[in-house]
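> Here's my sequence, what's the structure:
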Amino acid sequence: MKALCIILVSSAVIASAIAIVVSSTNRTAQARYAAEAESAAADKAEAQAKEAAKQAEAEENKRKAAEAEKEAKIASQKTAQIEKETAELNAKAQEDANKAAKEQADEAKSRALEAKSRADAEKVKLAAEREKKEAAKFNAEAEASREKAAADKLQLEKLKSEREIAEAKLLELRKIDFINLERQLLDWKSELEEREKALEPEKTITDLAWAGGKDDSVLDENGNVVKREKEVYLPENDKNLPKAERALAKAQRLDKEEFAHRATASRDKIVSSLEKLYVQALREDRVTDAQFYRKTILSIMPTWKLTLPEEEKSAGGKK
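I've put the predicted structure just below:
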């Protein structure tokens, strides 16, 4: 019983405890529910407050954005105005700079033209002086060349005259050689005649008689008596001489005549050339040269006398 009582009491206690616990639990749950409700209300209020704050912030941001946009627009307008004014100022400054640069360029160009004009004038002056010097040098060289040419011409004429004189003297010497050779041929002829006289006395006497010219009359082809012309003895026609000697004599005679002709022609040519030099020297009052030419001419032709051409004679008469 006791145990039952204890059990009952324990059960009652337990039941009370359970009831207390349940009651406490209910109260706790209610309190929790109330707290949760309050917390939810607070959260809602806070959320609403936050939403309101967000909306207010958004409105403020929108207002600020509008103000910023307005300010930006105003700033843009101001910037555009400033840029416009700056562009106008820059354009004016550029125009002034271009104008100044153009003025400087014109001034520099003017100075350059003046400098170029002075330089050109100086060049022209120097060129004129150089041309003047070159002309003077050219004239001096030309004068020297003319003088040298005249001297060379005179020297050439002298050398030519000396050469012609030497040739004439050489021809004279050869002429003398031919004369000596002719004398030798005559000596040979005399020797041959003496031999013929010894071999054929009658023929030689007849020849000698004819050579004396006692009978110089003969009959011509018409039968008339005419005077026989004396034949000049030519060794080349002498039949008594060997053929080789006659040919040699003829060749020597022809050479002699040719050299005599050449000597005469050369002498005449030399004298004519010296006469021209002599007359020119007289005209130019070169007395020494004139005397030299005259002496040279007389040494070549002792019988020489100056003969002027017809035009010079007529010109002298007019003077």
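
> Now residue 48: which helix or strand?
helix 2-199 (DSSP states H and E).

> and that helix, what does it pack onto?
helix 201-212, helix 243-283, helix 287-300 (3 or more Cβ pairs under 8 Å, 6 or more residues apart in numbering; DSSP states H and E). (Each C-beta comes from the backbone N, C-alpha and C, glycine too.)

> Please state the offset of that helix from the chain centre?
Here helix 2-199 is found 37 Å from its chain centre; the criterion is Cα atoms, centre = their mean, to the nearest Å.

> Then stretch 245-258?
Centre-to-centre, stretch 245-258 and its host chain are 65 Å apart (Cα atoms, centre = their mean).

> give me phi/psi at residue 241?
For residue 241, the backbone dihedrals (degrees, to the nearest 10) come out as phi -90, psi 150.

> can you count the residues close to the closest residue to it other than its chain neighbours?
Closest residue to residue 241 apart from its sequence neighbours, by Cβ to Cβ, 6 or more residues apart in numbering: residue 235 at 6.0 Å. Around residue 235 sit 20 other residues, with neighbours defined as other Cβ atoms under 10 Å.

> Verify the stated contact: residue 235 with residue 245.
Yes - under the criterion of Cβ atoms under 8 Å, residue 235 makes contact with residue 245 at 7.0 Å.

> which sections of this structure are below the confidence cut-off?
Low-confidence segments of the chain, defined by pLDDT under 70: 1-26, 29, 174, 177-178, 181-182, 184-185, 188-189, 191-231, 308-319.

> how about 90 then?
1-278, 280-281, 284, 286-319 (pLDDT under 90).

> related to what we said a few turns ago, quick one, which of the helices and strands packed on helix 2-199 gets closest to residue 94.
Residue 94 lies closest, by Cβ to Cβ, to one member of the helices and strands packed on helix 2-199: helix 243-283, at 88.6 Å.

> any idea of the angle that closest one forms with helix 2-199?
110 degrees (axes from the mean of the first three to the mean of the last three Cα atoms, to 10 degrees).

> What's the local residue count around residue 271?
19.

> follow-up on the earlier one: save the helices and strands packed on helix 2-199 as a markdown table, and put in distance to residue 98 too.
As requested, the helices and strands packed on helix 2-199 are exported to a markdown table (distance: least, Cβ to Cβ, whole Å):
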| stretch | distance to residue 98 |
| --- | --- |
| helix 201-212 | 133 |
| helix 243-283 | 83 |
| helix 287-300 | 86 |
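
> Now residue 238: phi and psi?
phi -80, psi 110.

> wait, it sits on residue 232?
No - judged on Cβ under 8 Å, residue 238 makes no contact with residue 232 at a distance of 11.8 Å.

> Between the two, which has more neighbouring residues?
residue 238 (15 against 6).

> Skipping adjacent residues, who's closest to that one in space?
Closest residue to residue 238 apart from its sequence neighbours, by Cβ to Cβ, 6+ apart: residue 246 at 6.6 Å.
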